[in-house]
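Participant: Quick one, structure for this:
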Amino acid sequence: MTDHVDELVAQWAAERPDVDASPMQIIGRMSRIVDRLEAELLAVFRRFGLGEGEFDILATLRRRGEPYACAPGDLARHTMVTTGAVTKRVDRLVASGLVSRSASDDDGRGRVIALTTEGRRVIDEALVAHVENEERMLAALTPADRRALEALLREWGAALGV
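Facilitator: The predicted structure is shown next:
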């Protein structure tokens, strides 16, 4: 079976035989897969009125356990985005009633972001749909293939520092 990436690599081999385009066999496919995965993930998040960033904030709060709250700086560290990006996401979630923003008991200048009852309901439902969607997207891989891919990606990610 050949695909679009095979065609690109073959074209480069014909036009530039002096350049080994074989890295495109992996990077090109990964790029195409990531694009498809993002579209498939966003479709599920949208069913719950969420974008990827909002899902990430709600999931981070939910994973932390009771009281499902933390400071914006902690959210930024756990979601790997800037505090400015967290603020925009939190503003949208506050407006939709899924999180609340209140003064910190420890520091009156600080803020605490917490899941509301509705936010917990939404993330609990969205998480189930999200995991089912991921399972659907991985269905073509055997359990052994999945474990092998997990190991390869973990090793590659470590080598790249991610």
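Participant: low-scoring pLDDT stretches of this protein, where are they?
Facilitator: Within the chain, the stretches with pLDDT under 70 are 104-109.
Participant: which residue ranges form the helices in it?
Facilitator: When secondary structure is read from DSSP state H, the chain shows helices at 4-15, 23-47, 52-63, 72-79, 83-95, 117-138, 143-160.
Participant: for the ones you listed, which one sits closest to A103?
Facilitator: helix 72-79 (12.4 Å; CB to CB). Using the backbone N, CA and C atoms, a C-beta is placed for each residue, glycine as well.
Participant: Not counting its neighbours along the chain, what's nearest L98?
Facilitator: G119 (3.6 Å; CB to CB, 6 or more residues apart in numbering).
Participant: Ok, E125 next?
Facilitator: Using CB to CB, 6+ apart, the nearest residue to E125 is F48, at 6.7 Å.
Participant: Isn't that neighbour up against D124?
Facilitator: No: with contact defined as CB atoms under 8 Å, F48 does not count as touching D124 (10.4 Å).
Participant: More neighbours: the two, which one.
Facilitator: Remark: of F48 and D124, F48 carries more neighbours, 17 against 12, as counted by other CB atoms under 10 Å.
Participant: Enumerate every residue touching the more buried one.
Facilitator: F55, V122, E125, A126, A129 (CB atoms under 8 Å, 6 or more residues apart in numbering).
Participant: For the last one, give its distance to V5.
Facilitator: What that stands for is A129. According to CB to CB, to the nearest Å, A129 stands 31 Å off from V5.
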